[in-house]
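*Asks:* need a structure here:
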Amino acid sequence: MDRIELMALIANEFVKGAASTIVVNKSADTSMNKGRGANTNPFMGRVWIEKTYSGYVMGTDYQNSIENTAERMGNTDADANLKSVWHKPILGELGEWFSTDKRTESKIYLKLQRNAKQVGWKTTETYYVDGHVATADELAALSVWLKKKNHTQSSTQTEMGIDAEHEQHFILPQLETIVSIKQGEKEIKPIELLEEVYAMAYAE
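*Replies:* The predicted structure is shown next:
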């Protein structure tokens with residue numbers, strides 16, 4: 001199964017806008033400071049992060065979503081200026097489900113969304129060092145190198161009259177990093193399906 005077939009499977013099998021659980025596993029290198037010289041980060045290339053997004057929804061359009069939210073809050077002339085956004089919907093019907101990068105259009109991202117008032121959502125993280133779940137001591141040492149996260153409300157949404165309580169939050173995990181997508185009893189494991197294709201291609 002190639003990426004296009006996998007994308008179509010996800011869009012066809014899952015209900016658009018229904019609460020889902022998505023598990024993502026990726027290298028932590030981009031989340032850490034590298035350091036330099038004698039103070040070089042010893043964890044580079046050794047740490048993976050498994051993130052679980054529970055209660056998020058798929059199959060929503062970023063621009064339509066925030067414009068509709070702004071209208072519900074009284075901005076009857078809502079028009080989102082998205083020129084600075086680094087991603088864009090892929091062409092066709094799958095555009096509500098997936099985006100690609102504007103620069104190369106070589107990467108595919110699944111669109112996830114939740115809002116502050118949505119009941120039941122949560123995000124959990126598990127760190128792995130050298131293939132095992134990080135110990136308390138490893139987490140303490142690792143925390144020194146992790147980049148600080150300071151959430152600020154979206155300037156686009158603020159300008160459109162959307163307050164923090166109603167802000168829409170969007171996550172875009174790359175397709176190749178998604179371990180599983182689950183909605184009720186239905187589950188698809190993207191990494192496994194893609195790895196089967198890569199393994200067959202390599203064997204040929």
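*Asks:* did I read that right, residue 10 in a strand?
*Replies:* No. Secondary structure of residue 10 (DSSP: H, G, I helix; E, B strand; the rest coil): helix, not part of a strand.
*Asks:* looking at it, it is touching residue 189, isn't it?
*Replies:* No. Look at residue 10 against residue 189 with CB atoms under 8 Å: they stay out of range, at 11.0 Å. Any C-beta I mention is one placed from the backbone N, CA and C, and that applies to glycine too.
*Asks:* Quick check: bridge partners of residue 99?
*Replies:* In this structure, residue 99 bridges to residue 89, residue 109 when assessed by DSSP bridges.
*Asks:* how close does residue 95 get to residue 64?
*Replies:* Counting by CB to CB, to the nearest Å, the gap from residue 95 to residue 64 is 11 Å.
*Asks:* Same check on residue 140?
*Replies:* The value you get for residue 140 to residue 64, if CB to CB is used, is 44 Å.
*Asks:* thinking again about what came up before, out of residue 10 and residue 189, which sits in the busier spot?
*Replies:* Each of residue 10 and residue 189 has its neighbours counted (other CB atoms under 10 Å); residue 10 has more, 20 against 14.
*Asks:* and that one, what does it touch?
*Replies:* 58, 97, 110, 181, 188, 190 (CB atoms under 8 Å, 6 or more residues apart in numbering).
*Asks:* Also residue 129?
*Replies:* Neighbour list for residue 129: 43, 46-47, 135, 138, 142 [criterion: CB under 8 Å, 6+ apart].
*Asks:* Among the residues you listed, the buried ones, what's the ChimeraX command?
*Replies:* Buried subset of these, written as a ChimeraX selection, criterion 16 or more other CB atoms under 10 Å:
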select :43,46,47,138,142
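*Asks:* TSV for the contacts of residue 129, including secondary structure?
*Replies:* Output for the contacts of residue 129, formatted as TSV (three-state DSSP):
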residue	secondary structure
43	coil
46	coil
47	strand
135	coil
138	helix
142	helix
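*Asks:* Please consider this matter closed, and thank you.
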